[in-house]
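Colleague: Below is the structure, and that's it, no one-letter string:
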Ligand SMILES: [Cu+2]
């Protein structure tokens, strides 16, 4: 199996790179998602709104730290995977001058701007939203700097990736606020209103996520054969299977658990929370597979 | 509601888009060949050991490991982007199996690594 042999050559240094990359993706998408979620639901109850902002800000700081840690990790990898290479000024300089350096600068400035999410929405309406949305844009730009979406047709590939990432960020950013809302007593008016509207927005968002992902994968892979024969293709299949499981959970939330919650069934909040917690776990798994995809394998070398 | 007609239009537009770019896109630079060839056997010390790529790559590590450990090399080029990377062994290579381990930075920011092997006979 190509995916096994791709993993067999992985040393401890590469494992560290994969974990840090997965953490960076999680933090950056969670931060961007918090901004998007607040924008989509301006009428969140006060405690939920504050919680969403706080989560977004903390996630952004975590992503900044991880993005900075990636730099010496990459330099160290280039020098053969050791500590001496990680602090080698020549290798550090080479990474910084390249695509990874551009990504670092854009990501850090974007994530700093995302902190504007903490600005008081009532006293400074617009400013907080504007600045944090600008931050989201920079984070998205950062994420298309490295990898095969920099090839031609760059605008098409980069645009598809940004759409895919925006939809993913919105979904990921919504999980924690929804988990909190589901803890409200079943049938509570605020929770019902927001869960209901989320269900409608999510259908559109998930469609965008899947469509952009499929077109992008088709363009990068260039056929069905590499999907089956290369390590990259096989990891991609793994990712798709986990996403399919996520979609099943999301569908059961929308059509079974949320209606039960709206009817005020006493056990509904608990079941909804458990389902959302499982979604959070699966999202973590998807990000891990994505980090493996972008770190150890690529459509080109299988 | 989406009418059947718009849905069909969308579907054929998508199909056309996929067909238009059905060939795999050029991703980062790939390995084109090795000197000595991967898996080959050479008589005596090879004059040069190297690798070539289909695009410019910055090589950051290039180690030749033999029966006595790391082989000392001459003419190690710098890290500038190059399509051809060649080194010379500093002394004679004793018979045995050799492995070359390299790492490098591709233009798209991806970190690349690879190995190839050859055998030296008297
Ligand atoms: Cu690449």
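Modeller: Perfect, thanks for sending it. Since the structure is predicted, the reported quantities are computational estimates derived from the model, not experimental observations.
Colleague: dump the residue contacts of residue B:82.
Modeller: B:56-59 (Cβ atoms under 8 Å, 6 or more residues apart in numbering or on different chains). For every residue, glycine as well, the C-beta is placed using N, CA and C.
Colleague: buried subset of those residues?
Modeller: Among the contacts of residue B:82, the ones that count as buried by 16 or more other Cβ atoms under 10 Å in any protein chain shown are B:57-59.
Colleague: Local confidence estimate at residue 27?
Modeller: Since no chain was named, I'll use chain A. The score at residue A:27 is 97. That number is its pLDDT.
Colleague: um, chain B though
Modeller: For residue B:27, the pLDDT comes out at 54.
Colleague: repeat for residue A:47
Modeller: 86.
Colleague: Quick check: phi and psi on residue B:33?
Modeller: With angles defined as degrees, to the nearest 10, residue B:33 sits at phi 180, psi 170.
Colleague: Now do the helices in the chain.
Modeller: Reading this off chain A. Using DSSP state H, the helices of chain A run over residues A:2-8, A:12-40, A:46-78, A:83-86, A:89-97, A:99-114, A:127-143, A:154-182, A:189-221, A:225-229, A:231-252, A:258-262, A:268-295.
Colleague: ah, no, chain B please
Modeller: B:4-20.
Colleague: remind me which residues of it are low pLDDT?
Modeller: Low-confidence segments of chain B, defined by pLDDT under 70: B:1-29.
Colleague: Bridge partners for the residue most central in space within chain B, pull those for me.
Modeller: The centroid of chain B falls nearest to residue B:31 when counting by Cα atoms, centre = their mean (2.9 Å). Note on residue B:31: beta-bridge partners by DSSP bridges are residue B:53.
Colleague: show me the contacts for it.
Modeller: Taking Cβ under 8 Å, 6+ apart as the test, what residue B:31 contacts is B:51-53, B:114.
Colleague: Look up how far the ion lies from residue B:82.
Modeller: Separation of residue B:82 from the ion (Cβ to the ion, to the nearest Å): 17 Å.
Colleague: rewinding a little: possible to save the helices of chain A as TSV with distance to chain B and mean neighbour count?
Modeller: Formatted as TSV, those follow (distance: least, Cβ to the nearest Cβ, whole Å; neighbours: other Cβ atoms under 10 Å in any protein chain shown):
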stretch	distance to chain B	mean neighbour count
helix A:2-8	12	14
helix A:12-40	8	22
helix A:46-78	4	20
helix A:83-86	8	16
helix A:89-97	6	16
helix A:99-114	3	21
helix A:127-143	11	20
helix A:154-182	8	21
helix A:189-221	5	17
helix A:225-229	7	14
helix A:231-252	10	17
helix A:258-262	23	19
helix A:268-295	8	18
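Colleague: Check these for me: which has the lowest mean pLDDT.
Modeller: Least confidently modelled of the helices of chain A is helix A:2-8, at a mean of 74 by mean pLDDT.
Colleague: Report the contact partners of residue B:105.
Modeller: A:78, A:94-95, A:98, B:57-58, B:60, B:111-112.
Colleague: and the nearest residue to residue B:94 once chain neighbours are set aside, what is it in contact with?
Modeller: The shortest distance from residue B:94 to any non-neighbouring residue, by Cβ to Cβ, 6 or more residues apart in numbering or on different chains, is to residue B:67 (6.3 Å). Applying Cβ under 8 Å, 6+ apart, we find residue B:67 in contact with B:94, B:96-97.
Colleague: farthest-separated two in the contacts of residue B:105?
Modeller: A:95 and B:57 (14.4 Å; Cβ to Cβ).
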